[in-house]
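**Student:** Got a predicted model here, sequence first, then my questions.
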Amino acid sequence: MADHLDGRQTSLWVATAGTTGYPVLDGDLEADVAVVGAGVAGLTAALALKRDGHAVIVLDAARIGTGVTGHTTGKVTALHRLAYTELADRHGPEIARTYGQANQAAVGHIAGVVAEEGIDCDFRTVSNYTYAESDDTLARVRDEADVAARLGLPAAFTSDVPLPFAVRGAVRFEDQAQLHAVKYLHGLARAVDGSGSRVFEDSRVISVRDGRPGSAATVRTARGTVRAREVVIATNVPFGDAGSSARGLFLHRSYIVASPSPAERLHGTFISVDEPMRSILAADVGGDSYVLTGGEGHPAGEAGDAAARYRRLAAFSRERLGTGDAGFRWSTQDSMPLDGLPVVGRMSPGAGHLHIITGLRKWGLTNGTAGALILADTLSGRHNPWAAVFDSTRTMPAGPAGSTRPGPAAPEEPEQPEQPQANARETADALRPGEGAVVEVDGRPTAVFATETGDLLAVSAICTHLGCTVEFNPDDATWDCPCHGSRFAVDGTVIQGPAAEDLPRRPLP
Ligand code: FES
């Protein structure tokens with residue numbers, strides 16, 4: 001299926017950032033703070049903590065940039081579609097104001113870090129727009145501009161929107177930014193590593209144990225351990241969380257294509273209010289110009305024809321933005337908080353020294369930065385003015401927030417959404433190269449994948465997080481869990497948590 005699509009199936013940022021070469025953790029080390037996950041939240045926290053005088057060790061399961069941050073659009077902005085009217089309606093203006101202040105401060109923090117650390121990441125200051133194409137949505141962007149301006153944010157309504165197709169108007173935030181997401185992470189990692197702090201790659205954490213009075217917390221990988229006073233878990237969905245905070249989140253998958261664009265590029269970053277939602281920006285990478293078009297989102301685990309979604313995005317880009325065919329295409333999976341506010345703080349009310357940053361609601365470059373600064377303040381003994389609003393131990397509502405991105409309530413208990421097919425061997429043998437299916441073998445759901453050489457790879461289909469049945473994702477050739485978003489390679493290796501253990505191999509009859 002994927003073969004018929006234009007472009008490479010990889011993030012533009014991942015494909016063009018160059019490589020890193022941090023070592024694998026091998027042995028036992030001690031640090032003041034261990035950070036799990038080298039995305040924007042983890043590395044920003046690590047750098048802020050290092051600047052506060054802490055010795056920090058960062059552990060990433062793979063190579064830096066290959067996780068969620070490396071699959072963003074690269075927008076750095078406090079304007080999050082219609083977030084301020086939604087948050088003010090739901091929580092009142094003070095909480096909406098705090099959310100805005102945190103994100104606006106994050107834009108400034110990122111600009112500061114880029115300058116101070118000399119990070120070459122194509123950082124550009126731009127205006128960001130939420131645009132309307134109909135009367136109904138025009139009224140909504142006018143409201144958003146009014147609400148955001150009253151909250152003290154750099155917002156204004158404008159009918160002058162620099163897009164190459166007609167729109168009715170937009171709310172504009174000035175002095176926002178965009179960057180090359182993976183080059184930014186590489187720069188952060190360089191700033192963290194050294195002078196008593198370390199970065200490790202390909203060092204998947206397999207367990208985390210909280211500290212007790214008089215004993216450090218322990219983070220364990222396959223080949224080593226880190227003992228630390230505090231642990232920051234910044235892994236999109238919290239690693240090792242047996243469900244307490246995962247219950248306040250649902251997972252949402254979305255898609256991006258990057259298409260070569262004519263020389264005259266867009267000035268600004270954009271998102272539509274009208275459906276289907278489209279997120280747009282231009283980027284110059286290595287001398288080539290691209291337009292990125294994102295959208296086509298859906299709750300993770302819901303059947304989605306990824307190929308059709310990529311085709312619709314590529315067609316929009318060609319027809320309305322004048323680009324060529326897609327050069328790159330990728331998808332990502334974000335954690336969405338049910339009440340619309342990020343989740344930052346202790347991993348659970350009873351946790352002593354384990355801290356999480358999650359629920360970044362698709363605006364992870366700024367919400368992740370804000371979350372990191374909250375934890376850096378907390379762990380350095382400073383008051384943070386946003387901490388109470390993002391508090392991870394708050395009570396979450398029972399259903400989805402009235403957000404711009406609908407999704408199902410997070411499952412309370414593992415569900416078994418589909419019955420495995422009965423005739424295992426027949427179904428498995430009928431698989432063509434690159435296809436996968438869940439079948440029942442000796443009464444156990446088994447995930448079977450046919451390799452290019454026609455061999456069958458069989459692993460348990462029971463997610464090692466909380467026991468849901470994984471589903472085959474044909475576009476990425478992965479086993480994805482519909483419950484909390486864990487993803488596994490076809491040989492069962494964990495690609496993305498919260499699952500920490502691989503799917504075990506299973507013999508086929
Ligand atoms: Fe939670 Fe699979 S059961 S991610």
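**Tutor:** Happy to help now that I have it.
**Student:** Could you use CA atoms for every contact and neighbour count after this?
**Tutor:** Fine.
**Student:** quick one, what contacts Gly248?
**Tutor:** Neighbour list for Gly248: 337-338, 396-397, 410 [criterion: CA atoms under 8 Å, 6 or more residues apart in numbering].
**Student:** if I look at it, how far off is the ligand?
**Tutor:** 13 Å (CA to the nearest ligand atom, to the nearest Å).
**Student:** Could you list the buried residues of the lengthiest helix in the chain?
**Tutor:** Ranked by residue count, the top helix of the chain under DSSP state H comes out as helix 93-116. Across helix 93-116, burial judged by 16 or more other CA atoms under 10 Å covers 93, 95-111, 113-114.
**Student:** try stretch 461-470
**Tutor:** 461-470.
**Student:** now swap in stretch 274-290 and tell me
**Tutor:** 277-284, 289-290.
**Student:** need those residues in a markdown table with pLDDT, distance to the ligand and secondary structure, can you?
**Tutor:** Converted to a markdown table, the buried residues of stretch 274-290 look like this (pLDDT from 0 to 100; distance: CA to the nearest ligand atom, whole Å; DSSP: H, G, I helix; E, B strand; the rest coil):
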| residue | pLDDT | distance to the ligand | secondary structure |
| --- | --- | --- | --- |
| Met277 | 97 | 27 | coil |
| Arg278 | 98 | 28 | strand |
| Ser279 | 98 | 27 | strand |
| Ile280 | 97 | 30 | strand |
| Leu281 | 96 | 32 | strand |
| Ala282 | 95 | 34 | strand |
| Ala283 | 95 | 34 | strand |
| Asp284 | 93 | 36 | strand |
| Ser289 | 94 | 37 | strand |
| Tyr290 | 96 | 34 | strand |
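**Student:** Need these in a markdown table (columns: distance to Ala430).
**Tutor:** Formatted as a markdown table, these follow (distance: CA to CA, whole Å):
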| residue | distance to Ala430 |
| --- | --- |
| Met277 | 38 |
| Arg278 | 38 |
| Ser279 | 39 |
| Ile280 | 41 |
| Leu281 | 43 |
| Ala282 | 44 |
| Ala283 | 43 |
| Asp284 | 45 |
| Ser289 | 43 |
| Tyr290 | 40 |
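**Student:** What residues are recorded as beta-bridge partners of the closest residue to Asp284 other than its chain neighbours?
**Tutor:** Spatially, and ignoring its direct neighbours in sequence, Asp284 is nearest to Tyr290 (6.2 Å; CA to CA, 6 or more residues apart in numbering). Beta-bridge pairing for Tyr290 (DSSP bridges): Pro260, Ala283.
**Student:** got the contact list for Tyr290?
**Tutor:** 258-261, 282-284.
**Student:** Ok, Asp377 next?
**Tutor:** 383-384.
**Student:** A helix includes it, no?
**Tutor:** Yes - under DSSP: H, G, I helix; E, B strand; the rest coil, Asp377 sits within a helix.
**Student:** sorry, back to before: so which residues make contact with the longest helix of the chain?
**Tutor:** Here helix 93-116 has contacts from 76-78, 84, 87-88, 119-121, 123, 151-153, 176-177, 184, 341, 366-367, 369-370, 385-386, 389, using CA under 8 Å, 6+ apart.
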